[in-house]
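> Just a sequence and a predicted model for now, questions to come.
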Amino acid sequence: MNPFNPFAFVHNDIFRQIMKQIVHLIPKGIRTAVYRFPYGFRLKNNLAKLFYIPASKWMEFRSGPRKGIQMKLKLPEENEFFLETHDPEITHFLCRHIKRGQVVVDVGAHIGYYSLLMAKLAGPGGKVFALEPSGDTARRLKEHLVRNNYINIQVLELAASDRSGQHELLEFDSSTLNALASPAEQIALARQREGVALLKRSVV
């Protein structure tokens, strides 16, 4: 047990809001550029470990479009969800275009960061089909549905691609990086995600 952690303040809601605003002001091109550099993912992971206390706990969004939604997040791995800084442009797009009563599809739903928002925007009369091929990740997604009592989401443990046929699903120790890959793409993925362990390979 660590009796003192100078970064314990990261769990504070005020800190979360400040970090959220800072990241949202940075153009997406700059934010994503770090991943193109060698060891980019390793740098991101090391910074996350420095500023976030290892934890897995339920948290509730207290402001913004996800207000009231609860998620069980693993820190520091899922700090982008914790701070609501994971591709804010997509969140803004969904809020502009999803209307109550609509049917929407979340391809690669992961643990439901977007699926839960879609379900809230579509309302009880709408429907969300959440596609998530990883069994472990899909179980966490279903846990979030139960916790938030969202019965308008249907989880489908399926993969989707722009090409027909079988593909290999790569699952990393940071589940936000899971991806489908053809054999020709695997080497590029491995190089891009330097420092992130590959846990499982399966054909879907």
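Happy to help now that I have it.

> Pass me the low-pLDDT residue ranges in the chain, would you?
1-13, 31-53, 171-178, 182-204 (pLDDT under 70).

> All the helices of the chain, residue numbers only.
13-25, 28-33, 40-51, 79-82, 88-97, 113-122, 135-148, 183-192 (DSSP state H).

> Leu75 contacts Phe82, correct?
Yes. Using CB atoms under 8 Å, Leu75 is in contact with Phe82, at 6.1 Å. From N, CA and C alone the C-beta is placed, and that goes for glycine too.

> Please identify which of those two sits among more neighbours.
Shown here are Leu75 and Phe82; by other CB atoms under 10 Å, Phe82 has more neighbours (24 against 20).

> For the residue nearest to His24 when sequence neighbours are not counted, grab the count of nearby residues.
Counting by CB to CB, 6 or more residues apart in numbering, Pro88 is the residue found nearest to His24 once chain neighbours are left out, at 5.0 Å. When neighbours are counted by other CB under 10 Å, Pro88 registers 17.

> what bridges to Ala179?
Leu170 (DSSP bridges).

> For it, give its distance to Lys74.
Distance, Ala179 to Lys74, using CB to CB, to the nearest Å: 19 Å.

> ok, now Ile14?
For Ile14, the distance to Lys74 - CB to CB - is 22 Å.

> quick one: which of those two has more around it?
Taking other CB under 10 Å, Ile14 and Lys74 do not tie; Lys74 has more neighbours (18 against 8).

> Determine the number of other residues adjacent to the closest residue in space to that one that isn't next to it in sequence.
Spatial nearest neighbour of Lys74, excluding adjacent residues (CB to CB, 6+ apart): Ser56 at 4.8 Å. A count of neighbours around Ser56, defined by other CB under 10 Å, yields 10.

> right, and Ser56 touches Lys72 too?
Yes. The pair Ser56 / Lys72 is scored as a contact, 6.6 Å apart, by CB under 8 Å.

> And the contacts of stretch 151-162?
107-109, 112, 115-116, 118-119, 122-133, 135, 138, 141-142, 145, 167, 169, 180, 204 (CB atoms under 8 Å, 6 or more residues apart in numbering).

> One more pass at 6 Å, please.
Stretch 151-162 has contacts (CB atoms under 6 Å, 6 or more residues apart in numbering) with 107, 115, 119, 126-131, 133, 138, 141-142, 145, 167, 180, 204.
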